[in-house]
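Asker: Just to be clear, the model below is a prediction. Sequence and coordinates:
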Amino acid sequence: MRFEGQVAIVTGAASGLGRAYAIALAERGARVVLVDNEVAKTEDVSCKPVIDLSPGSGLKSCCDAIKAIGGECQPFSLDVTCSQDIGSMVDCVIERWGRVDILINNAGVHRPCAFEQMSEVSWKHQLDVDLNGTFYMTKAVWPYMTRQGYGRIVMSGASSVYGDMHETSFSASKMAVIGLVNSLHLEGEEHGIAVNSIIPHAVTGMTAAHLAPSVRPLFSKTTVTATMLYLCSSKSPSGQHLLAAAGGISHAAMVEFSPSRFKAEECTPEVITERWGDIYKAKPVTAHRSGEAQVLAWAKASAEKRHITLE
């Protein structure tokens, strides 16, 4: 699987999984745009390529690694919460390389906090980076992808599917991104744009302290990076959510268990209480393509029960 002639933007590329994604794409021939919120050594480079990176810069390290394997890259130091700077960055990329084929929205913040102690400022910052930043980046590349009739967009879902203790803002922002994928991929279909999410777990600076030393070796970046490359490829599905960690890859989806039917006169909270055991996890399970498809399913089931024919 190769990416020659393609241009990929990776946010949060200075370290962790973002760095791994960027290098993996470069190894397979992509030109890679590295985005992170590091500050350049000598100038404000929010709307232009980074020219002078400090010696300890993660962006510089990632850029050097890509150049060492003969790859092409262009680093930018900017904040993904600033839509104006993002627009300037994308303009610069288009001017230099003429296209954007892949966007990996990997940038995020992680600050575990008990809900009772969480401040409004912290809550808003989490959503601003994880959700709004993802929106700004995607909005900026969308017109170019629609015009060229091709694009691959991957969102980072993190631990949103199941939630975790002291992760309310993190899970809420990431679950919102999952919702973005569920709807946006429908708009991308006619333009050849596939939109998916990855829910990864690997040893990084962010996660190492949360893994016991005995299991850390199991959580290499290999599985996650391979899954990401698949989602960036021309063979990728769309509207899907893939979990990847420790050698395992699985598909996650919001599903609806089989509905229990009630007559209007008997549908009371007391009856629901009595029948909760039947309602909970009633088989079979249905995965709807969209919210509209679910509404149609409700209408068909109710009409059938009342012997009403739908056109």
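Answerer: Arrived safely.

Asker: Which elements pack onto the longest strand along the chain?
Answerer: With DSSP state E setting the assignment, residue counts place strand 193-201 as the longest strand in the chain. When contacts are defined as 3 or more C-beta pairs under 8 Å, 6 or more residues apart in numbering; DSSP states H and E, strand 193-201 packs onto helix 133-148, strand 151-156, helix 168-188, helix 222-232, strand 241-245. Backbone N, C-alpha and C define where each C-beta goes, glycine included.

Asker: Show me which positions of it end up buried.
Answerer: Across strand 193-201, burial judged by 16 or more other C-beta atoms under 10 Å covers 193-201.

Asker: how about the helices of the protein, start to end?
Answerer: 16-27, 58-68, 83-97, 120-127, 133-148, 168-188, 222-232, 269-274, 276-279, 291-305 (DSSP state H).

Asker: quick one: low-confidence ranges for the stretch 1-150 of the chain?
Answerer: The model of the stretch 1-150 of the chain has pLDDT under 70 over residues 39-53.

Asker: measure the residue sitting furthest away from the middle of the chain to Ala246 for me?
Answerer: In terms of distance from the mean C-alpha position of the chain, Glu265 ranks first, at 44.3 Å (C-alpha atoms, centre = their mean). Distance of Glu265 to Ala246, given as C-beta to C-beta, to the nearest Å: 52 Å.

Asker: Kindly report the same for Thr268.
Answerer: Separation of Thr268 from Ala246 (C-beta to C-beta) stands at 47 Å.

Asker: neighbour-wise, which of those two wins?
Answerer: Per other C-beta atoms under 10 Å, whichever of Thr268 and Ala246 has more neighbours is Ala246, with 15 against 10.

Asker: That one reaches Thr222, doesn't it?
Answerer: No - Ala246 is beyond contact range of Thr222, at 9.7 Å (criterion: C-beta atoms under 8 Å).

Asker: For burial, what's the neighbour tally of Cys82?
Answerer: Using other C-beta under 10 Å, Cys82 is surrounded by 16 other residues.

Asker: buried set for stretch 177-189?
Answerer: So stretch 177-189, judged by 16+ other C-beta under 10 Å, has buried residues 177-178, 180-182, 184-185, 188.

Asker: my bad, stretch 263-281
Answerer: When burial is assessed from 16+ other C-beta under 10 Å, stretch 263-281 yields no buried residues.

Asker: measure that stretch end to end?
Answerer: Stretch 263-281 has an end-to-end distance of 21 Å (C-alpha to C-alpha, to the nearest Å).

Asker: Averaged pLDDT, that stretch. What do you get?
Answerer: Across stretch 263-281, pLDDT averages out at 89.

Asker: Counting neighbours, what do you get for Leu229?
Answerer: Neighbour count of Leu229, defined by other C-beta under 10 Å: 19.

Asker: Which residue is the nearest non-sequential neighbour of it?
Answerer: Ala24 (5.9 Å; C-beta to C-beta, 6 or more residues apart in numbering).

Asker: The one you found touches Tyr230, doesn't it?
Answerer: No - with contact defined as C-beta under 8 Å, Ala24 does not reach Tyr230; the gap is 11.1 Å.

Asker: who touches Leu229 in this structure?
Answerer: Leu229 is in contact with 1, 24-25, 28, counting by C-beta atoms under 8 Å, 6 or more residues apart in numbering.

Asker: let's see it at 10 Å
Answerer: Applying C-beta atoms under 10 Å, 6 or more residues apart in numbering, we find Leu229 in contact with 1, 3, 21, 24-25, 27-28, 30, 102, 236.

Asker: So it versus Ser88, what's the distance?
Answerer: Leu229 sits 28 Å away from Ser88, going by C-beta to C-beta.

Asker: try Glu116
Answerer: The gap separating Glu116 from Ser88 is 40 Å, by C-beta to C-beta.

Asker: Not counting residues beside it along the chain, what's closest to Ser250?
Answerer: Distances taken as C-beta to C-beta, 6+ apart place Leu243 nearest to Ser250, at 4.8 Å, with adjacent residues excluded.

Asker: What about that neighbour, how many residues nearby?
Answerer: Neighbours of Leu243 using other C-beta under 10 Å come to 20.

Asker: just checking, it touches His201?
Answerer: Yes - if you go by C-beta atoms under 10 Å, Leu243 and His201 touch, sitting 8.1 Å apart.
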